[in-house]
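1. Below are the sequence and a predicted model for it; my questions follow.
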Amino acid sequence: MNVRIHPTAEISSASTIGDGSVVWAFAQVREEAKIGSNCIIGTGVYVDKNVVIGNSVKIQNTAQLFEGCELDDGVFIGPGVIIANDEYPRSTNPDGTLKSASDWKLAETKINRGASVGARAVVLGGITVGRYAMVGAGAVVTRDVPEYAIVVGNPAKVIGIAGVCGHPQPDNSSPKCPMCGILNPLDERQRTEPGS
């Protein structure tokens, strides 16, 4: 296989990494993680056990992807992004004992094809980010993000529609992106007014 792994990266022998992928310095890929072909895993990235990463995914430096995270093909994860997996995090149980793996419920998170999550954004566990959505830098995503939506803020709110290329649409009435000319297959339920 044609995989480049920096000598300081820590890769579990029980993980799989697809052809053409690159893993940079000080990244950690845990057991049973699956990374597709032609991916870039940046410096200091943490990929938890059982995380699934599709093909042609780019994960920038120091991003943290925790168990239950699934990234579809063509996803972009910016530097410092955190994708969480525990809706009710505590260190201990009510009786004071340290929590173990059996003491909490894993909240699965899915980032769909072509979506982007900007630098330092946080995506809470149990969230689905729709295809080609754009999560702004520093956003805190507390609910599902529709396809092609642009969301910003804390909590993240829809402020517009993105084209496949990532550029904002001038309004919600145009079916084509003015930058790339690709049709966005949005139905009326997904044509959310800015700010809603």
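-> Structure's in. What do you need?

2. Would you check how far apart the residue of the chain most remote from its centre and residue 103 are?
-> Here the chain has its C-alpha centre computed as a mean, and the residue farthest from that point, by Cα atoms, centre = their mean, is residue 95 with 34.6 Å. From residue 95 over to residue 103 the distance is 11 Å, taken as Cβ to Cβ, to the nearest Å. Where C-beta positions appear, they are placed from N, C-alpha and C, glycine not excepted.

3. The closest residue to residue 87 other than its chain neighbours: how many residues sit nearby?
-> Nearest non-adjacent residue to residue 87, counting by Cβ to Cβ, 6 or more residues apart in numbering: residue 107, 4.9 Å away. Residue 107 has 17 neighbours, counted by other Cβ atoms under 10 Å.

4. so residue 107, which of the three states?
-> coil (DSSP: H, G, I helix; E, B strand; the rest coil).

5. Quick check: it touching residue 126?
-> Yes. Counting by Cβ atoms under 8 Å, a contact exists between residue 107 and residue 126, whose distance comes to 3.8 Å.

6. Now do the shared contacts for those two.
-> Common contact partners of residue 107 and residue 126 (Cβ atoms under 8 Å, 6 or more residues apart in numbering): residue 87.

7. so who does the residue nearest to residue 40 when sequence neighbours are not counted touch?
-> Excluding its sequence neighbours, the residue lying closest to residue 40 (Cβ to Cβ, 6+ apart) is residue 58, at 4.8 Å. Counting by Cβ under 8 Å, 6+ apart, residue 58 touches 39, 40, 75, 76, 77.

8. Can you report how many residues neighbour residue 94?
-> With neighbours defined by other Cβ under 10 Å, the count for residue 94 comes to 6.

9. Helix, strand, or coil at it?
-> Counting by three-state DSSP, the three-state call for residue 94 is coil.

10. Distance-wise, check the most centrally placed residue in the chain relative to residue 97.
-> Using Cα atoms, centre = their mean, the residue of the chain that lies closest to the mean C-alpha position is residue 111, 4.9 Å off. In this structure, residue 111 and residue 97 are 34 Å apart, going by Cβ to Cβ.
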